[in-house]
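Visitor: please find the sequence and the predicted model below.
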Amino acid sequence: VGQGLRHFVEQFNLHDGAATMALVSAGTFTRFVYAIAEHGLTDTRQIQLGAITIAFNIVQDLCGSDWLPAAVTLACRSPANPRACQKFFRAPVRFDCHESALIFERHWLERPLPPVDPVERQRIEAELAALERQQHSDFPASVRRLIRKQLLFGQCSMEAVAASLGMH
């Protein structure tokens, strides 16, 4: 599951240039983080809730129905009635946080992935490679987008940017 989520995070930039995701482990817990990198958005509550709901469904599909987060944090204000969020996530939900994230026990990352059809996997990997080539055709824009996203997580250095691009 950890490898699958790391691949998801790596490829997320091919799908969404205005947001980023990260998988951050510390101690016995992991945070699956969603952050908006686009400046100037005024009310992102629906985006934040939607993204974390999708992330929840992805992790639960990978881990099985017995997986639940230890907590959910959202970088937006609370809806008038937060009970629907608490009922859906079946975990403590905290609003007005510095990040939107699913927090769960790290051991779930060791769970084996469900089987994938090798032909389907090969097709998807070919599509991803084509998207990467297309995105890297405007190298300066790729570097700017990468730096903007790495700044959100405090991981921005020349070495980190170069490593993300597969360069020295």
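Guide: Everything's here; your move.
Visitor: residue 6 versus residue 147, what's the distance?
Guide: 20 Å (C-beta to C-beta, to the nearest Å). All C-beta atoms are positioned from the backbone trio N, CA, C, and that covers glycine.
Visitor: who has more neighbours out of the two?
Guide: Between residue 147 and residue 6, residue 147 has the larger neighbour count (other C-beta atoms under 10 Å), namely 16 against 13.
Visitor: any low-confidence regions in the protein?
Guide: When residues are selected by pLDDT under 70, those of the chain lie in 13-17, 39, 41, 149, 152-155, 165-166.
Visitor: residue 141 looks like it's in a helix, true?
Guide: Yes: assessed with DSSP: H, G, I helix; E, B strand; the rest coil, residue 141 lies in a helix.
Visitor: and the strands in this structure?
Guide: 19-26, 29-36, 71-73, 93-94, 100-105 (DSSP state E).
Visitor: any chance of the ones you listed in a markdown table, plus mean neighbour count and distance to residue 82?
Guide: Output for the strands of the chain, formatted as a markdown table (neighbours: other C-beta atoms under 10 Å; distance: least, C-beta to C-beta, whole Å):
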| stretch | mean neighbour count | distance to residue 82 |
| --- | --- | --- |
| strand 19-26 | 17 | 23 |
| strand 29-36 | 20 | 18 |
| strand 71-73 | 21 | 11 |
| strand 93-94 | 18 | 6 |
| strand 100-105 | 22 | 14 |
